[in-house]
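K.L.:
Sequence plus the predicted model coming up.
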Amino acid sequence: MLDLDFVRGQFPALQEPSLAGQAFFENAGGSYTCAPVIDRLTRFYRERKVQPYAPYEASRLGGAEMDEARARMAAILGVETEELSFGPSTTQNIYVLAQAFRQWMKPGDAIIVTNQDHEANTGPWRRLAEEGIEVREWQIDSETGHLDPEALGALLDERVRLVCFPHCSNVIGEINPVMEITALAHAAGAFTCVDGVSYAPHGFPDVGALGADIYLFSSYKTYGPHQGLMVIRNSLGRMLPNQGHYFNADTLYKRFTPAGPDHAQVAACAGMADYVDMLADHHGVTAETPAGRAAAVHDLMRGHEERLLQPVLEYLAAKNSVRLLGPGNAGARAPTVALACAQPAEALAAKLAEHGIMAEGGDFYALRALEAQKVDRAKGVLRLSFVHYTSEAEIAQLMGALDAVL
């Protein structure tokens with residue numbers, strides 16, 4: 001069982017007087033930041049805010065902290081250190097990747113996208129049609145939002161070069177079987193690009209074990225600074241055209257980050273690894289590898305989230321005034337709960353704020369998924385999302401507030 005008191009003690013926002021009495025349910029838009037990240041970021045700005053990798057001490061230490069972040073996070077993700085890149089955001093990282101594929105692919109080649117994705121992992125790929133690339137859409141079920149792997153098989157052939165899909169949708173919440181989908185794509189000779197932004201906050205995945213060729217997520221949603229983390233496996237990364245400075249082409253983690261890195265934020269990402277290690281040590285995790293320790297922490301997080309989520313799903317199932325998008329089983333989804341309601345979602349969010357619930361309404365850059373499920377765009381959806389530091393008391397506060405406003 002997750003020691004919630006210990007967990008909550010690692011997040012300064014949960015002790016902040018100005019936030020007292022307010023329950024945070026918009027974690028899918030960005031989580032609270034853990035103390036180790038804040039400490040590292042503060043230290044970097046105070047002591048290391050110089051150009052890194054020079055021979056003088058402050059510069060040497062700054063570069064070493066950046067290298068530490070890459071090495072430790074890559075180990076947690078089960079990939080080689082050079083396979084992990086840092087960029088300004090996941091959206092920007094995918095945009096750069098799309099330019100590389102634009103140069104590498106030929107007219108007549110095909111790419112598969114879904115209408116379950118956040119726009120970041122579908123829009124840039126769809127634009128490849130301008131270069132004569134065929135774009136095929138893997139469509140969700142209009143009632144359930146489910147992305148059926150069997151339907152992917154009908155879209156795959158020898159012309160497909162890339163399959164892009166989410167590990168978890170940011171409005172449907174269902175967890176997609178990445179390993180199974182990747183195996184199908186690989187069998188057809190295609191690579192996979194997995195958007196993990198909505199999954200990684202619930203426990204870092206072992207990307208090496210999943211087999212994905214590209215895996216992306218945002219550290220500001222995994223208790224860290226505002227960065228986009230991107231895994232590109234070595235064989236694919238060396239095959240695609242370099243998008244960085246020509247003299248950096250031999251360094252894999254620089255090939256797809258043309259902008260200079262944010263030194264302080266990259267270094268602060270090591271605080272996310274600190275946090276995983278703290279949780280592992282506190283809970284007596286005995287796994288020896290970083291990926292093994294992270295997997296145990298992942299299971300602790302997911303176990304706690306599922307225990308809190310199932311009562312919420314059952315509560316919502318009894319409400320005729322709302323439509324839950326995605327599965328009603330907590331084990332099949334992340335605790336990112338989108339509701340189509342009779343009232344406009346933004347107005348509902350404003351009413352919930354009066355009861356101390358921090359949430360939001362809108363389309364959450366997932367317009368294609370909402371339109372496919374016939375959600376009224378003018379009303380949008382109310383999204384209630386939480387993570388492992390959420391308490392039972394906050395869940396009770398949420399359901400009480402929903403009773404008052406629905």
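P.N.:
Nice, I can see it. Residues are numbered from 1 along each chain as shown.

K.L.:
what's around residue 232, how many residues?
P.N.:
Other residues lying near residue 232 total 29 when counted by other Cβ atoms under 10 Å. Quick note: C-beta positions are derived from backbone N, CA and C, even for glycine.

K.L.:
Distance from the chain centre to stretch 320-333, please.
P.N.:
Remark: stretch 320-333 is offset 20 Å from the chain centroid, using Cα atoms, centre = their mean, to the nearest Å.

K.L.:
Straight-line length of that stretch, end to end?
P.N.:
21 Å (Cα to Cα, to the nearest Å).

K.L.:
in that stretch, what counts as buried?
P.N.:
By neighbour count on 16 or more other Cβ atoms under 10 Å, the buried set for stretch 320-333 is 322-327, 330, 333.

K.L.:
just stretch 50-66 next, same as before
P.N.:
50, 52, 61-63, 65-66.

K.L.:
Backbone dihedrals for the nearest residue to residue 126 once chain neighbours are set aside, both of them.
P.N.:
Spatial nearest neighbour of residue 126, chain neighbours left out: residue 135 (5.3 Å); criterion: Cβ to Cβ, 6 or more residues apart in numbering. Residue 135 adopts backbone torsions of phi -110, psi 120, taken as degrees, to the nearest 10.

K.L.:
could you measure the most centrally placed residue in the chain against residue 94, distance?
P.N.:
Centroid check for the chain by Cα atoms, centre = their mean gives residue 197 as the closest residue, at 1.3 Å. Counting by Cβ to Cβ, to the nearest Å, the gap from residue 197 to residue 94 is 10 Å.

K.L.:
Could you tell me which residues touch both of those two?
P.N.:
120, 216 (Cβ atoms under 8 Å, 6 or more residues apart in numbering).

K.L.:
quick one: the strands in the stretch 1-150 of the chain?
P.N.:
For the stretch 1-150 of the chain, strands defined by DSSP state E, counting those that start in this stretch occupy the ranges 23-24, 84-87, 110-114, 134-138.

K.L.:
before we move on, the earlier item: please name the residues that touch the residue nearest to the centre of the chain.
P.N.:
Applying Cβ under 8 Å, 6+ apart to residue 197 gives the contacts 90, 118, 120, 166, 170, 216-218, 221.

K.L.:
swap in residue 388?
P.N.:
Counting by Cβ under 8 Å, 6+ apart, residue 388 touches 2, 7, 202, 300-301, 304-305.

K.L.:
Look up the closest residue to it, ignoring the ones flanking it.
P.N.:
residue 301 (3.9 Å).

K.L.:
could you say which helix or strand contains the one you found?
P.N.:
Using DSSP states H and E, the element containing residue 301 is helix 290-317.

K.L.:
For that helix, name the packing helices and strands.
P.N.:
helix 57-77, helix 270-282, strand 322-324, strand 336-341, helix 392-405 (3 or more Cβ pairs under 8 Å, 6 or more residues apart in numbering; DSSP states H and E).

K.L.:
Buried ones in it, by neighbour count?
P.N.:
290-298, 300-302, 304-306, 308-309, 312-313, 316.

K.L.:
Stretch 135-155 now?
P.N.:
136, 138, 140, 145-147, 152, 155.

K.L.:
what do you get for stretch 162-177?
P.N.:
Those would be 162-176, for stretch 162-177 by 16+ other Cβ under 10 Å.

K.L.:
Alpha carbons of that stretch, as CSV, please.
P.N.:
As requested, the backbone C-alpha atoms of stretch 162-177 are provided in CSV (Å, rounded to 0.1, in the frame of the first residue of the first chain):
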residue,chain,number,x,y,z
LEU,A,162,4.9,4.7,-39.0
VAL,A,163,2.0,4.1,-36.6
CYS,A,164,1.2,6.9,-34.2
PHE,A,165,-1.1,6.4,-31.2
PRO,A,166,-1.5,7.3,-27.5
HIS,A,167,-0.6,5.1,-24.6
CYS,A,168,-3.6,6.7,-23.0
SER,A,169,-6.0,9.3,-24.3
ASN,A,170,-6.3,12.5,-22.4
VAL,A,171,-10.1,12.5,-22.5
ILE,A,172,-11.0,8.8,-22.9
GLY,A,173,-8.6,7.5,-20.4
GLU,A,174,-8.4,3.9,-21.6
ILE,A,175,-4.9,2.4,-21.5
ASN,A,176,-3.9,1.1,-24.9
PRO,A,177,-1.8,-2.2,-25.2
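
K.L.:
distance between that stretch and the chain's centre?
P.N.:
So, by Cα atoms, centre = their mean, the centroid of stretch 162-177 is 10 Å from its chain's centroid.

K.L.:
what mean pLDDT does that stretch have?
P.N.:
In this model, stretch 162-177 has a mean pLDDT of 98.

K.L.:
burial count for residue 91?
P.N.:
Quick note: residue 91 (other Cβ under 10 Å) scores 19 neighbours.

K.L.:
With adjacent residues omitted, what lies nearest to it?
P.N.:
residue 120 (4.2 Å).

K.L.:
repeat for residue 231
P.N.:
residue 215 (4.4 Å).

K.L.:
Wasn't that neighbour part of a strand?
P.N.:
Yes. Assigned with DSSP: H, G, I helix; E, B strand; the rest coil, residue 215 falls within a strand.

K.L.:
What separation do you get for it and residue 174?
P.N.:
18 Å.

K.L.:
in stretch 26-40, what's buried?
P.N.:
Buried residues in stretch 26-40 (16+ other Cβ under 10 Å): 26-28, 31-38, 40.

K.L.:
mind listing what the residue nearest to residue 239 when sequence neighbours are not counted touches?
P.N.:
If the residues on either side of it in the chain are set aside, residue 239 comes closest to residue 104, at 7.2 Å by Cβ to Cβ, 6+ apart. Listed by Cβ under 8 Å, 6+ apart, the contact set of residue 104 reads 239-241.

K.L.:
before we move on, what about residue 27?
P.N.:
201, 221, 385-387, 390.

K.L.:
Using CSV, lay out these together with distance to residue 86.
P.N.:
What follows is the contacts of residue 27, written out as CSV (distance: Cβ to Cβ, whole Å):
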residue, distance to residue 86
201, 18
221, 15
385, 24
386, 27
387, 22
390, 28
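
K.L.:
Let me know the closest of those to residue 131.
P.N.:
residue 221 (31.7 Å; Cβ to Cβ).

K.L.:
In this structure that closest one contacts residue 33, no?
P.N.:
No. Between residue 221 and residue 33 there is no contact under Cβ atoms under 8 Å: 10.5 Å.
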